[in-house]
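Asks: Here is a sequence with its predicted model. Questions after.
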Amino acid sequence: ANISIESIPSVSSDITSTVFSSLITPGDKIYTPHYRLLSEDNRYILFRNKRLTHRNKKIENILYSLEWQIVNDLIKKNNNLLQFHAAVMSHNNKGYIFVGNSGSGKTSISIYLLKHKWNFLSDEFALLNPLTLKLTPFPRNLIIKPHLYNYLDTVSYTHLTLPTN
């Protein structure tokens, strides 16, 4: 699915480094924007399909809302696929899905496995085609909790893998 985002210049880099950053590609084709992020009266304003959805002073809150609106749109466009709240890793040409609720350890297991030379594909969200078993991970920036900091100095970031279509 193509989803287009129009934003004020001051937050463009925030969007490209936050919202599914590895999947965003600048395009030559101009689409009618699905999402518009504007600024007015010291607040950020988010529109989805020309309708106001969020208004907030903190860009982080707007970007979080934008991210989940995109997730929901992708789910609606792919309603024949199974959605998982999961970490997705690969090792020795095999893929693994670690399904769990928030706080269940998906990021922790991802960081631990990165330390052991596994490839990171996603730790938040994935779609699975039940007929073909094709898995589409949606990577986003990792939110790393303090108890995981001691693992970070030994993780080789060369094992962060971006999915290909």
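Replies: Ah, there it is.

Asks: how far away is Tyr96 from Glu60?
Replies: Distance of Tyr96 to Glu60, given as Cβ to Cβ, to the nearest Å: 30 Å. Any C-beta I mention is one placed from the backbone N, CA and C, and that applies to glycine too.

Asks: So which of the two has more stuff around it?
Replies: Tyr96 (15 against 11; other Cβ atoms under 10 Å).

Asks: Tell me the pLDDT of the closest residue to the more buried one other than its chain neighbours.
Replies: Leaving aside its chain neighbours, Tyr96 sits nearest to Met89 (5.0 Å; criterion: Cβ to Cβ, 6 or more residues apart in numbering). Per-residue confidence (pLDDT) for Met89: 90.

Asks: If Met89 is in a bridge, with which residues?
Replies: Tyr96, Phe120 (DSSP bridges).

Asks: who touches it in this structure?
Replies: Counting by Cβ atoms under 8 Å, 6 or more residues apart in numbering, Met89 touches Gly95, Tyr96, Phe98, Ile109, Ser110, Leu113, Trp118, Asn119, Phe120, Leu121.

Asks: Any regions of this structure where pLDDT drops low?
Replies: 1, 17-31, 139-165 (pLDDT under 70).

Asks: What's the biggest helix in it, counting residues?
Replies: helix 59-77 (DSSP state H).

Asks: What is the following helix or strand past it packed up against?
Replies: Going down the chain from helix 59-77, the next helix or strand is strand 82-84, by DSSP states H and E. For strand 82-84, the helices and strands in contact under the criterion 3 or more Cβ pairs under 8 Å, 6 or more residues apart in numbering; DSSP states H and E are strand 126-128.

Asks: No further questions, thank you.
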